[in-house]
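Participant: A structural model of the following input is requested.
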Amino acid sequence: MNKQLFSFFTILIALTTGAIYYNSTIQQPFISALNFIKIQYHDSVAFVENSIDKHFFQAQEITELKEKLHKFENNHLVMQQLASEIHDLYKENNSSLKTDPQVELVRAISYERFGDLNRVWMDIPDYNSSKIYGLTHKELVAGIVINQNGRALGLLNSDIKSSYAVFIGDKHAPGIAHGNNSEYLVVRYIPAWYSIKKGDEVITSGLDNIFFKGLKVGRVLSVTKAQGYQNAVVEQYYKANEPGYFHMIRSVR
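Facilitator: Coordinates of the predicted model:
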């Protein structure tokens with residue numbers, strides 16, 4: 001009986017295999033099912049590989065960020081040491097001068113109004129509306145923060161009401177940088193006796209109590225003279241393509 005049952009199943013399997021092999025109508029459901037399984041398998045493998053690649057990429061990025069953090073921490077300690085020595089020097093000479101700069105990370109929330117890319121509402125804790133603050137992005141001057149109905153409004157460099165004191169060139173010619181509602185800035189009130197030329201670098205002077213001295217603004221493109229002063233058109237370094245986070249200077253000294 002067992003031999004007959006075994007023979008029956010053997011013949012059935014042979015007939016089924018033959019029918020599947022030679023009959024395309026019967027093959028199609030099996031092939032579709034197998035292809036579906038293969039697709040799922042390859043998708044799973046690709047997902048795992050991508051996850052592994054992403055993990056190792058993040059691990060590498062974390063390592064690089066840790067190295068940068070150590071470097072910044074080292075620089076911070078060096079600056080703290082220098083600040084301490086300067087403080088002691090002031091104290092030794094009975095000087096009333098002091099240095100206590102304050103910088104913090106702040107966030108842009110949204111544009112003030114649609115179509116104006118030069119003004120952004122800022123999220124600033126403990127905002128003091130009586131002061132004007134400097135904004136920087138990756139060590140470049142980005143604009144200023146002013147009070148607008150009790151709220152912090154960021155005026156990026158190109159805004160016509162954005163202005164701050166600058167130096168130009170090796171001789172540190174003084175001037176006032178203004179936005180021009182374009183990609184270029186205009187530096188006005190440069191004394192006529194200074195020699196200004198194309199390519200001169202523009203930096204903050206620190207004399208407005210908004211920025212530190214020496215922050216990079218841009219380079220001179222052209223110079224004109226008018227009413228005893230010089231005006232310079234400046235190509236700014238900061239590009240406001242995607243305003244997000246900035247560093248705000250709460251206190252210069």
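Participant: what pairs with Phe246 across the strands?
Facilitator: Judged by DSSP bridges, the bridge partners of Phe246 are Val106.
Participant: Quick one: residues contacting it.
Facilitator: Applying Cβ atoms under 8 Å, 6 or more residues apart in numbering to Phe246 gives the contacts 105-108, 122, 135-137, 142, 154. In short, each C-beta sits where N, CA and C put it, glycine included.
Participant: does Lys91 count as helix, strand or coil?
Facilitator: What DSSP: H, G, I helix; E, B strand; the rest coil gives for Lys91 is helix.
Participant: Give me the local confidence score for it.
Facilitator: Here, the pLDDT recorded for Lys91 equals 72.
Participant: Let me know how buried it is, in neighbour terms.
Facilitator: Burial measure for Lys91: 10 neighbouring residues, criterion other Cβ atoms under 10 Å.
Participant: Pull out the buried members of the contacts of Phe246.
Facilitator: Applying 16 or more other Cβ atoms under 10 Å to these, the neighbour count classes 106, 108, 122, 135-137, 142, 154 as buried.
Participant: can you tell me which of those residues are in helices?
Facilitator: Using DSSP state H, no member of the buried ones among the contacts of Phe246 falls within helices.
Participant: Looking at these, which is nearest Thr224?
Facilitator: Using Cβ to Cβ, Ala142 comes nearest to Thr224 of the buried ones among the contacts of Phe246, at 26.0 Å.
Participant: Throw the buried ones among the contacts of Phe246 into a markdown table and include pLDDT and distance to Gly115, thanks.
Facilitator: A markdown table is the format used below for those (pLDDT from 0 to 100; distance: Cβ to Cβ, whole Å):
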| residue | pLDDT | distance to Gly115 |
| --- | --- | --- |
| Val106 | 88 | 24 |
| Ala108 | 86 | 16 |
| Met122 | 88 | 19 |
| Leu135 | 94 | 21 |
| Thr136 | 91 | 25 |
| His137 | 88 | 22 |
| Ala142 | 95 | 20 |
| Gly154 | 94 | 16 |
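Participant: Could you dump the residues you listed into TSV and include distance to Asn241?
Facilitator: Putting the buried ones among the contacts of Phe246 into TSV (distance: Cβ to Cβ, whole Å) gives the following:
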residue	distance to Asn241
Val106	18
Ala108	13
Met122	18
Leu135	15
Thr136	16
His137	11
Ala142	12
Gly154	15
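Participant: low-confidence ranges in the protein?
Facilitator: Along the chain, the model assigns pLDDT under 70 to residues 1-43, 45-46, 49-50, 52-57, 59, 69-85, 87, 95-101.
Participant: And the helices in it?
Facilitator: Taking DSSP H as the criterion, the chain contains helices spanning 2-22, 24-92.
Participant: Which parts of this protein belong to which domain?
Facilitator: Here the domain parsing of the chain from automatic domain parsing is 1-98, 100-253.
Participant: Give the closest residue to Pro155 in space, chain neighbours not counted.
Facilitator: Rather than Pro, residue 155 is Leu. The shortest distance from Leu155 to any non-neighbouring residue, by Cβ to Cβ, 6 or more residues apart in numbering, is to Ser162 (4.1 Å).
Participant: which residues touch that neighbour?
Facilitator: 118, 143-144, 155-156, 178-179.
Participant: most surrounded residue in the residues you listed?
Facilitator: Neighbour counts for the contacts of Ser162, by other Cβ under 10 Å, peak at Gly143, which reaches 29 neighbours.
Participant: need the contacts of Phe246 in CSV with distance to Leu185, can you?
Facilitator: Output for these, formatted as CSV (distance: Cβ to Cβ, whole Å):
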residue, distance to Leu185
Leu105, 25
Val106, 22
Arg107, 24
Ala108, 20
Met122, 21
Leu135, 14
Thr136, 15
His137, 15
Ala142, 12
Gly154, 16
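Participant: From these, pick the one nearest Arg219.
Facilitator: Set against Arg219, the nearest of the contacts of Phe246 by Cβ to Cβ is Ala142 (16.4 Å).
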